[in-house]
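Asks: structure for the following, please:
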Amino acid sequence: MAARLVLILVFTCSTLIFVGGTILDYDLLLDSSAEEMLENEGDIQIESSRDQKSNRRDGSGGIWYRAFRPIFPQLPPITEPPRPSTSCSAPPSGGTIPPCMSQTECNAQGGKAGKACGKGFSRGVCCDFDYIVDCGNTTSLPHAIFRNPEYPETTKSTISCTINVVPKPTACGIRIEFMDVMLAPARNGFCFQDMFMIAGGGTVENSGFNTQICGLVKGFATVVPINETTDPLQLIVIAQSKNAKWNINVTQIPCSSAFTPAKTICGVRNNPSLQARSLQTSQSYKNQSLKELPRTFPQPRILGGDPTNGNQFPWMAVILFDNTPVCSGTLIDARWVITAAHCVAFYEEENQSVMNRLRVWLGALNIDLMPRQEPRRVERRVSRVYVHNEFQSTDFDVALLQLNESVPFTVAIRPACFPQNKDQNFEGTTGIIAGWGTDGSSMSNVLLAGSVPIWSNAACNIAWSAQSLNIRDSMICAGDGSVAQCRGDNGGPLITQNGDGLFSFIAISSFSAQPPCQNPDFPDVYMRTSSFLTWISLVLSPPLPADSLSPFTPIVT
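Replies: Numbering: from 1, shown residues only. Below you'll find the model as predicted:
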């Protein structure tokens with residue numbers, strides 16, 4: 001037994017001595033070439049780290065461990081790819097640098113979205129305008145853009161810029177939209193520093209230089225009627241303020257796209273003897289309305305006439321500026337209201353968009369009530385204002401308001417009809433006027449209406465000669481002083497009943513003699529609707545399809 005213990009002890013000691021010698025003496029495991037390699041590796045790769053990590057990692061076998069660990073290839077440093085430029089640059093062929101704007105704004109201005117630009121909330125697209133017409137050039141494109149050379153920056157020096165627009169043989173009008181225009185404001189009603197003008201083009205009664213426009217006119221527009229004999233239009237901007245800019249869409253309106261009133265119910269006056277509530281549930285309310293004869297108004301006790309009830313005139317519109325009623329208007333289509341130009345042409349306003357300050361109410365009766373108190377009332381914003389291209393003072397005082405969305409036709413909201421006979425002068429007949437204007441002291445809170453006699457233009461000219469005012473063929477005179485339009489009634493309709501029982505707006509209320517309201521010596525003056533039918537039709541024409549846009553190619557003349 002003792003002998004066995006001695007043998008086990010000897011065997012164990014021999015094993016430990018052998019293993020220890022193997023671990024401590026790496027020469028037993030390596031040949032001479034391996035030793036050289038380890039020495040080189042130790043000099044190059046291990047020396048720097050040995051001092052720092054020897055206490056933690058080195059031991060009697062530390063050299064063996066480092067010598068035989070895997071050697072991985074060194075990867076090249078990672079470099080971040082260059083970021084794309086956040087600014088727009090001129091095309092390789094040269095030209096102007098496209099502006100950076102949102103894609104929505106680019107599309108609205110007729111541009112073509114290019115590469116991304118900007119940062120953060122200002123991120124957008126470089127908007128290319130291939131059909132920009134430079135100063136001094138001529139275009140016959142269906143769609144072109146007229147802007148100052150520095151746009152979107154303002155002018156840096158005095159500039160006079162003119163382009164020529166050659167009407168196509170198939171065009172009946174030129175649409176001019178002020179997408180972004182900032183000119184010096186007018187003073188005392190006159191443009192004295194900066195101005196935009198249109199030269200040429202056929203209008204209601206003449207051709208030549210059209211109305212001068214200045215101020216902040218973003219959102220406004222106009223249409224110039226043309227015919228096959230019309231010379232090229234000249235669009236002229238004179239900027240002396242050195243702080244002006246303009247970006248104007250110019251579109252040719254094909255004769256084939258001219259607006260035609262939709263075959264929808266129009267000119268139906270609600271029966272004042274019926275409650276509006278019963279009309280909504282009556283299956284034959286249209287026929288009942290058609291049979292209703294014009295109401296005979298008694299001698300009015302107020303300037304505007306008698307109060308109405310039951311939405312008798314469902315085409316009446318209230319026009320508000322900064323939430324204050326300023327004028328009346330007439331609904332002529334689901335998205336269009338016609339009124340007087342002087343009600344909405346606030347070109348002198350600076351630093352605020354007029355479009356954001358205009359509102360239109362339809363289906364209203366009492367304008368002092370809150371909208372929730374009149375559930376049939378509908379409010380719309382104004383997306384664009386078309387002012388007649390020759391509007392100035394008392395001439396061509398017509399404007400069309402394009403609503404931001406259509407209004408539903410209900411018992412309280414329906415359009416008036418256009419005149420059936422454009423050659424009828426209506427002299428000697430009786431018309432009806434309505435509005436929320438003053439009754440001699442303050443604005444009326446309810447819609448007032450009254451009957452007025454319609455004068456001949458010859459008699460009206462004689463009456464107004466004392467005021468040195470020429471009554472044009474495009475005007476109508478009405479009233480004898482007993483019932484008269486007053487402040488707040490301007491822009492409203494003069495209506496008559498057709499032979500089929502429907503009501504048409506034959507004129508738009510424009511101006512009165514001084515002192516205003518109920519002046520028996522001078523009839524009130526209205527703009528004759530039939531004289532503006534061509535202009536109205538062109539304004540209401542649908543826009544050109546997108547595929548009609550093409551790059552600008554100057555025409556050599």
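
Asks: where in the stretch 201-350 of the chain is pLDDT low?
Replies: Within the stretch 201-350 of the chain, the stretches with pLDDT under 70 are 201-209, 228-230, 261-264, 271-310, 347-350.

Asks: ok, the stretch 51-200 of the chain next?
Replies: Along the stretch 51-200 of the chain, the model assigns pLDDT under 70 to residues 51-85, 93-96, 108-110.

Asks: what about 80?
Replies: Judged by pLDDT under 80, the stretch 51-200 of the chain has its weakly predicted residues at 51-86, 90-97, 107-112, 119-122, 128-130, 188-189, 200.

Asks: what does the stretch 451-557 of the chain give?
Replies: 481-488, 514-520, 543-557.

Asks: now the helices: where do they sit in it?
Replies: 457-464, 533-539 (DSSP state H, counting those that start in this stretch).

Asks: also the chain?
Replies: For the chain, the helices defined by DSSP state H cover 2-24, 32-41, 47-57, 62-67, 103-108, 276-281, 285-291, 457-464, 533-539.

Asks: to M179, which of the helices of the stretch 451-557 of the chain lies closest?
Replies: In terms of Cβ to Cβ, the element of the helices of the stretch 451-557 of the chain nearest to M179 is helix 533-539, at 16.6 Å. Glycine gets a C-beta too; all of them are placed from N, C-alpha and C.

Asks: elements contacting the longest strand along the chain?
Replies: When the chain is parsed with DSSP state E, its longest strand is strand 171-182. On a contact count with 3 or more Cβ pairs under 8 Å, 6 or more residues apart in numbering; DSSP states H and E, strand 171-182 meets strand 195-202, strand 220-225, strand 245-254, helix 533-539.

Asks: tabulate those (JSON lines), appending mean neighbour count and distance to L502.
Replies: Listed next are the helices and strands packed on strand 171-182 as JSON lines, based on neighbours: other Cβ atoms under 10 Å; distance: least, Cβ to Cβ, whole Å:
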{"stretch": "strand 195-202", "mean neighbour count": "21", "distance to L502": "31"}
{"stretch": "strand 220-225", "mean neighbour count": "24", "distance to L502": "27"}
{"stretch": "strand 245-254", "mean neighbour count": "22", "distance to L502": "29"}
{"stretch": "helix 533-539", "mean neighbour count": "21", "distance to L502": "17"}
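
Asks: distance to G431 for those - can I get that in a markdown table?
Replies: Conversion of these to a markdown table gives the following (distance: least, Cβ to Cβ, whole Å):
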| stretch | distance to G431 |
| --- | --- |
| strand 195-202 | 29 |
| strand 220-225 | 27 |
| strand 245-254 | 32 |
| helix 533-539 | 18 |
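
Asks: just the CA atoms of the longest strand of the chain, as PDB, please.
Replies: Below are the C-alpha coordinates for strand 171-182, written out as PDB (Å, rounded to 0.1, in the frame of the first residue of the first chain):
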ATOM      1  CA  ALA A 171     -57.700  82.700 -78.400                       C
ATOM      2  CA  CYS A 172     -60.500  85.000 -77.300                       C
ATOM      3  CA  GLY A 173     -58.800  86.500 -74.200                       C
ATOM      4  CA  ILE A 174     -55.600  86.800 -72.200                       C
ATOM      5  CA  ARG A 175     -55.800  86.000 -68.500                       C
ATOM      6  CA  ILE A 176     -53.400  87.900 -66.300                       C
ATOM      7  CA  GLU A 177     -52.900  86.600 -62.800                       C
ATOM      8  CA  PHE A 178     -50.800  88.500 -60.200                       C
ATOM      9  CA  MET A 179     -49.300  85.600 -58.400                       C
ATOM     10  CA  ASP A 180     -46.800  87.700 -56.400                       C
ATOM     11  CA  VAL A 181     -46.700  91.400 -57.100                       C
ATOM     12  CA  MET A 182     -45.300  94.100 -54.800                       C
END
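
Asks: report the angle between it and strand 220-225.
Replies: Put simply, strand 171-182 runs at 160 degrees to strand 220-225, going by axes from the mean of the first three to the mean of the last three Cα atoms, to 10 degrees.

Asks: for R372, find the nearest of the helices of the stretch 451-557 of the chain.
Replies: Among those, helix 533-539 sits nearest to R372 (Cβ to Cβ), with 33.9 Å.

Asks: contacts for that closest one?
Replies: 172-173, 175, 203-204, 223, 225, 253, 258-260, 332, 338, 386, 388, 398, 400, 418-419, 422 (Cβ atoms under 8 Å, 6 or more residues apart in numbering).

Asks: tell me the buried residues within these.
Replies: 172-173, 175, 203-204, 223, 225, 253, 259, 332, 338, 386, 388, 398, 400, 418-419 (16 or more other Cβ atoms under 10 Å).

Asks: and stretch 473-482, what's buried?
Replies: For stretch 473-482, a neighbour-count test (16+ other Cβ under 10 Å) marks 474-479 as buried.

Asks: which of those fall in strands?
Replies: Those of the buried residues of stretch 473-482 lying in strands (DSSP E): 475-478.

Asks: mind listing what W336 touches?
Replies: Residues counted as contacts of W336 (Cβ under 8 Å, 6+ apart) are 400-403, 540.

Asks: so S504 sits against P415, correct?
Replies: No: taking contacts as Cβ atoms under 8 Å, S504 lies outside contact range of P415: 10.6 Å.

Asks: when those two are compared, which one has more neighbours?
Replies: P415 (25 against 21; other Cβ atoms under 10 Å).

Asks: ok, the more buried one to G428 distance?
Replies: According to Cβ to Cβ, to the nearest Å, P415 stands 27 Å off from G428.

Asks: L369 now?
Replies: Counting by Cβ to Cβ - L369 and G428 are separated by 39 Å.

Asks: so which of those two has more stuff around it?
Replies: Taking neighbours as other Cβ under 10 Å, L369 and G428 compare with L369 leading, 13 against 9.

Asks: mind checking pLDDT for the more buried one?
Replies: Among the per-residue scores, L369 holds a pLDDT of 84.

Asks: quick check: phi and psi at it.
Replies: L369 adopts backbone torsions of phi -80, psi 150, taken as degrees, to the nearest 10.

Asks: give the bridge partners for I433, please.
Replies: G450, L494 (DSSP bridges).
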